[in-house]
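Engineer: return a 3D structure for these sequence lines:
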Amino acid sequence: MHGDPMMWVAGVRALYLQALHPRAVRGVMQNSDFRKDAWGRLMRTANFVGTITYGTTEAAERAGARVRKIHTMLSATDPDTGERYGVDEPELLLWVHCAEIDSYLQVARRSGFPLTDAQADRYIGEQRASARLVGLDPDAVPANQAEMAAYFEKVRPELAVGPGAREVDDFLLRPPTHPLLVPAREVLWRRVARLAYAALPPYAHELYGRPAPKPDTVTLQLRVTGNLLRCIPARLRWQLPPKHILRAMSRLGPGSRPAPYKLGR
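Structural biologist: Residues are numbered from 1 along each chain as shown. As a prediction, this is how the structure comes out:
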């Protein structure tokens, strides 16, 4: 599933969702120049996901250790209360994890990636391995769709649109770019950002204060976009850096090629 081209739309949806947790987004804003290094941050996240998905066990463990070490050195301050807290608090790591995994799963399924409910549950359960790598207790992480839904229901009262979320929203709609690339940003990137935003749950639209098309319309848009992107040959898409899938296939043999039809076996 992580080799599907719709994962890029899912990644942007995850950013929108993650920004709704004030303590979590504050940790990002106070420890990085988000606007100047947003693309680098996105690529580092994509590289981490690619490593723990397609890399060796040793590479995944090293990547996890590196993330945990960085997190232990970072903290944020609540401007209202003066409280200082670590960005590696379990509840913050859990929010980031669940927002990410839910986004991957929702966008993939709504865009036509063929997962049964049992396979969706298995996917969520498998991702507890990635949760462990960033420092979470796997037993405290949702293991299926029902537990994931219960988690979001529980955490919703904590969500709000503060300055950090507004800044993320503004960046995703109008990311800084070279003047010559502004037309491409308007034509291509804004379509991706709008689709990712539309794919958010209704309560997120209410918090951001911007309406979105009806869910059925969004699902149709996701399906059309997914079908178009999947027409691009996988071998061509996988040539983009950092080529995790090609390296995994080289290591494990051609039979390891990720393909949706294998889900039916």
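
Engineer: CA atoms for contacts and neighbours, from now on please.
Structural biologist: Fine.

Engineer: dump the residue contacts of residue 170.
Structural biologist: For residue 170, the contact set (C-alpha atoms under 8 Å, 6 or more residues apart in numbering) is empty.

Engineer: what secondary structure does it sit in?
Structural biologist: Assigned by DSSP: H, G, I helix; E, B strand; the rest coil, the conformation of residue 170 is helix.

Engineer: gap between it and residue 123?
Structural biologist: Residue 170 sits 32 Å away from residue 123, going by C-alpha to C-alpha, to the nearest Å.

Engineer: so where do the helices sit in the stretch 101-250 of the chain?
Structural biologist: For the stretch 101-250 of the chain, the helices defined by DSSP state H, counting those that start in this stretch cover 117-126, 128-133, 145-155, 163-173, 182-184, 190-198, 202-208, 215-229, 234-237, 244-252.

Engineer: which among the ones you listed is found nearest to residue 10?
Structural biologist: Closest of the helices of the stretch 101-250 of the chain to residue 10 is helix 190-198, at 6.6 Å (criterion: C-alpha to C-alpha).

Engineer: and the angle from the closest one to helix 163-173?
Structural biologist: With axes from the mean of the first three to the mean of the last three C-alpha atoms, to 10 degrees as the basis, helix 190-198 and helix 163-173 are set at 140 degrees to each other.

Engineer: can you point out the buried residues in helix 190-198?
Structural biologist: Using 16 or more other C-alpha atoms under 10 Å as the test for burial, helix 190-198 gives 190, 192, 193, 194, 195, 196, 197, 198.

Engineer: reformat these as TSV; add pLDDT and distance to residue 154.
Structural biologist: Shown next, in TSV, are the buried residues of helix 190-198 (pLDDT from 0 to 100; distance: C-alpha to C-alpha, whole Å):
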residue	pLDDT	distance to residue 154
190	86	32
192	92	29
193	93	27
194	94	27
195	97	26
196	97	23
197	97	22
198	98	23
